[in-house]
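J.: My questions are about this predicted structure, shown below with the sequence.
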Amino acid sequence: MVVPLEHVIILSGLLFSIGVMGVLFRRNVIIIFMSIELMLNAVNLALVGFSRYHNNVDGQVFVFLVMTLAAAEVSVGLAIIVALFRNRQTVNINEMNLMKN
Amino acid sequence: MDLSLYFTRQDLWGILPEIVLLVGALIILSIELFARSQRAAMLGVGILSLVIAGGFASKNFGSSFILFQGMVTLNDYSTFFDLLYMTAGIVTMVISYNYLERKGGETRGEYFALILFATMGMMLMTRGNDLVIIFLGMELLSLSLYVLVGFLRHDVFSNESAIKYLLLGAFATGFFLFGAVLVYGTTGTTNFQHIASAITNNEILSDTLLSLGIGLLLVGFAFKVALVPFHMWSPDVYQGAPTSVTAFLCTAPKAAGFGALLKVFLVAFPALHADWQDLLWALALLTMIVGNISALVQTNVKRMLAFSSVTHAGYLCIGILVLNEMGVSAILFYLLVYSVMNLGAFGIISLLEKEEKGVNFKDYEGLASKHPWLSASLALFMLSLAGFPPTAGFVAKYTLFSSAISEGYIWLIIIAILNTLVSVYYYVRLIVNMYMRTSEETLVPFLHPLLSVVIFILAISIMFFGVLPGWLIDTVTQAARIYT
Amino acid sequence: MDWNILSWLIWLPILGSAVIILIPREKADTIKFVAAVATGIQLLVAIVLWTKFDSSTVGFQFQEKVSWISSLNVHYSLGIDGLSLPMALLTALLSFLCIFVSWKIEKAIKGYFALFLLLDAGMMGVFLSLDFFLFYIFWEVVLLPMFFLIGMWGGSQREYAAIKFFLYTLAGSVLMFIAILALYFACGRTFDMIEIMAIAPTALAGKLWWGFESLKVIWILFFIAFAIKVPIFPFHTWLPLAHVEAPTAVSVILAGVLLKMGTYGILRISYPMLPDGAVWFAGALAVLAMINIIWGALCALAQTDLKKMVAYSSINHMGFVMLGMSAVVAAGAKNGTNLIAAEAGLNGAVLQMFNHGIITAMLFILVGVIYDRAHHRNIDGFGGLGVRMPIYTGIVALAFFAGLGLPGLSGFIGEAMCLIGAFPVYRGIVIVSVFGILLNAAYFLWAFQRIFLGKLNEKYADLPEINRREIFTLVPLAVLVIFLGIYPTPVLDVMKTTLSHLIEIVQSSSLLALQ
């Protein structure tokens, strides 16, 4: 059975929106980070769907690049979060307001 | 295996500058591995590789190549940006010398290597002719910058700005990617020329999805270059990051963001530019007004400059709105001048900074009587940022605004001019502090011959491009002509 | 005529400024010497220019035109005519004298003289440039050194005064820049002022912008810009503060030359480029002139600070200049094509600009002299100084009498010509303005009486008499005041042809026929 393209786009759009909501409304840095990963994976899903629809592999190649990026971002991101946690003992985004005037 | 199936010798020659930067970065990392604290050597290798790469890149002036089956294009446009990034890289490396130590950190090899990686990323952004390459370049740049911003890892401010930059940067990447995917999905390709021809031949899957895609791409770029309302990260990040990194962050990557955004609109969506004018108009207006008003009330110089750079992004947006040869060349001119002014200003701030002192307006009181040359240079950069003749900042604003007037955006330009009038207040405030107030205790600059030479060159070029801008205007016009 | 005499006028002080920057700061005498030499040669060049100037030809002389930024169509274009020549000479003369007025400056001498020469170059550039881009750059170049000179070497409130001056005048120049851009695009993308003078009246005729006539929009923009500089009534609030806080020499330049940039701009730019605007606005200009005259005089009367009084007298005197300028409409058919009145008005206005430059320079130098000795400027705080300082008192008397417009001294002729010119058209306004002269006499004489007459204030029993250096700065000005009071013809001859031509241009305005 072939899944229609619309379904893929709608699912991917939903996942992306959930990710955006997560970034906007969650206060824990790690959860926010996970939400961003969800956004990237929504992108991957759409890429695969479109790639299948257009019958070219550009999209699937793109997926590999996005996955690599996501991995690199996680490693850098976690390192930064760890450094922050060592200094501040918190991962709550609301407490990161040292620089407001 | 026959590699010539994938790339030719010409392709490799074309990316020689990137290869040089990569090798340079690896050498620096090896030095770090085997001979720690060889700061001078690492700085030397870093600058040398930027200079060599710049030499190779500048050989491309006047010619144009399409490499890697249309993934990368080399021409005057990309070469102009290449040289801009490399200049910014060199200046950043010089002003970083010893800076981190003064802030209680340590200059490690990664620092210089990351600047080289970031430069590579930016080069890909303006050389790329494909959404995938732009994406790769942008991420190479962003990942390097996340680390650079948080480089003072025992400093809570640096930590905090790193995490903010990371989260919002990654968030923006998500938008950019989803936009890219929708553009790919609706046109069936990621290559700029193919996207453009798909649009003109009306071979699009869905107009709505394409518009949504372009909108999301725009949001992604708006985050990266800090357009209102996607600018919230920039003041915190600019303030908390090590000042030497801020100097880099607010110049070259902004230029790269605008360079790539321009290229996307010029090459991939020229047919749709008219549909986006109202939005760009509103973005330009909002960005310059909000940036300006926020900058008025700051007490921290770095934060003031952050908002000022938001304002400048608003002015640059006007050029994207115009998007003809005059507008694009004006943007290129503006980006170069803007980079020089900000590198100079942040450079001077970074060498005055020591532990907690040196970033507030108050700290600058009475500086002029103790260090007249340094104050004069900083005053010059401020006046140029304010767009005062006969500095280069004036010519930059003039070319940008007059290109927009000839396209009929008269009210926008009147508002922009009034905005520059308001902006004078906060730039001049720093000058007033330096020259017209006295203080018991003035800042003590860390001056190093190389540093003085670099600041001197930046100041001279601000005057030079202000008084004799002809040559530079011709160069940018030539670069802009390629896509317009 | 191939030795670029006008460029020398501009570049000599810049050169001097560059040399001063290279001199180590300990060598104060060398710095002053270089500044004196640079401005001295400039003054000589200006005098040579005056003698070589052919006052019978219409149009610009000694023109220089080189392409500067070709891609923006900007030229380095200079020229001089009967309107700019007196201003150029005034600038050179006052700059030279002010170097000596500043001789006792102690704080950061190097910066002071470098900035002062830059200021000199900027003012000279404003009066000589014939390209709008160049004009605007010089206009702004004047602003910056002025800002630093007030802000760094000024009195106790210098920071506030400097910022207020800077923002006020910058707002004006920004409006001017918008107007310049409007003219640039309306006249086929040229910055050439001569070309715009030829094209603008027809290019703008009948053009509507957002329901307003384009020439009125541009006129108003230019007018506000120049009005801030002059300063004309509601825009004058920066002036007393800046004058009072500035060091003596800077006050002299500010009142002597900078204010003239405003009226010069109206005559150089607004009148020939927008003759319809000139006619349309003449009535308002006359009313504003009257307000300036009366308001300036009344404020001066109320001051206890001598310097502030002199500052307000400038507002009053510039009112006469504007009144003379408004007389140009007398040349219209409805007003009986009264060319004599129009000429009297315009010539009087320019003569008054020149004279006021000299008189107010004297006044500010004299205020500086007493302030250097007594360290205050309170008019009521002195008394009977005439006995102690007879020479000083004599010179002050001369300057005060010139300021109040005593016949026989230079102030009288300019003011009289302005009033005579405007009388046929604006009878009521002129009559009210004459009361301004009475008020002038009142505050000058009252101040003189309080300071120099009466019983000697014991505190100042051994106040030293004015010294030779100070006398040296005042003598040339005093000589000019007397000479031009008796025989103003040399100055009037120089500007006559140019101003007659200006009247012809305004006469060609279609509005004038209706009025």
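T.: Perfect, thanks for sending it.
J.: drop to CA atoms for contacts and neighbour counts, all remaining ones
T.: Will do.
J.: what's B:Ser142 in contact with, if anything?
T.: Counting by CA atoms under 8 Å, 6 or more residues apart in numbering or on different chains, B:Ser142 touches B:118, B:169.
J.: So which residues on chain C come close to chain B?
T.: Selection of chain C residues close to chain B by CA under 8 Å from any CA of the partner chain yields C:68-71, C:137, C:140-141, C:148, C:151-152, C:159, C:167, C:170-171, C:174, C:178, C:181, C:185.
J.: Would you write a ChimeraX line that selects the buried entries of these?
T.: Per 16 or more other CA atoms under 10 Å in any protein chain shown, the buried members of these correspond to this ChimeraX selection:
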select /C:68,69,137,140,141,148,151,152,159,167,170,171,174,178,181
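J.: where does chain A have low pLDDT?
T.: Residues of chain A meeting the criterion pLDDT under 70: A:1, A:100-101.
J.: can you count the residues close to B:Phe34?
T.: 9 (other CA atoms under 10 Å in any protein chain shown).
J.: Could you check how far it is from chain A?
T.: B:Phe34 is 24 Å from chain A, where distance means CA to the nearest CA, to the nearest Å.
J.: ok, now B:Pro389?
T.: B:Pro389 sits 32 Å away from chain A when distances are taken as CA to the nearest CA.
J.: which secondary structure element contains the nearest residue to that residue once chain neighbours are set aside?
T.: Computed as CA to CA, 6 or more residues apart in numbering or on different chains, the closest residue to B:Pro389 that is not its neighbour in sequence is C:Ile137, at 5.5 Å. Here C:Ile137, judged by DSSP states H and E, is contained in helix C:132-153.
J.: elements contacting that helix?
T.: When contacts are defined as 3 or more CA pairs under 8 Å, 6 or more residues apart in numbering or on different chains; DSSP states H and E, helix C:132-153 sits against helix B:410-436, strand C:74-80, helix C:109-128, helix C:158-186, helix C:248-253.
J.: again, 10 Å this time
T.: Counting contacts by 3 or more CA pairs under 10 Å, 6 or more residues apart in numbering or on different chains; DSSP states H and E, helix C:132-153 is packed against helix B:410-436, strand C:74-80, helix C:109-128, helix C:158-186, helix C:193-204, helix C:238-245, helix C:248-253.
J.: average pLDDT for it?
T.: Helix C:132-153 shows a mean pLDDT of 92.
J.: how far out from the middle of the chain is it?
T.: Distance of helix C:132-153 from its chain centroid, counting by CA atoms, centre = their mean, to the nearest Å, is 15 Å.
J.: thinking again about what came up before, so the residue nearest to B:Pro389 is in contact with B:Pro390, correct?
T.: Yes - with contact defined as CA atoms under 10 Å, C:Ile137 counts as touching B:Pro390 (6.1 Å).
J.: just the strands in chain B please.
T.: Remark: strands assigned in chain B by DSSP state E are B:65-67, B:72-74.
J.: hmm, back to that, got the contact list for the residue nearest to B:Pro389?
T.: B:388-391, B:394, B:467, C:122, C:125-126, C:129, C:131, C:143 (CA atoms under 10 Å, 6 or more residues apart in numbering or on different chains).
J.: before we move on, back to that, in CSV, list the strands of chain B along with distance to B:Glu160, mean pLDDT and mean neighbour count.
T.: Shown next, in CSV, are those (distance: least, CA to CA, whole Å; pLDDT from 0 to 100; neighbours: other CA atoms under 10 Å in any protein chain shown):
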stretch, distance to B:Glu160, mean pLDDT, mean neighbour count
strand B:65-67, 41, 88, 17
strand B:72-74, 36, 92, 22
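J.: Looking at those strands, which is nearest to chain C?
T.: Of all these, strand B:72-74 sits nearest to chain C, with 25.6 Å by CA to the nearest CA.
J.: can you pull the contacts of the residue of chain C lying at maximal distance from its centre?
T.: Using CA atoms, centre = their mean, the residue of chain C lying farthest from its centre is C:Glu458. It sits 39.0 Å away. Applying CA under 10 Å, 6+ apart, we find C:Glu458 in contact with C:382-385.
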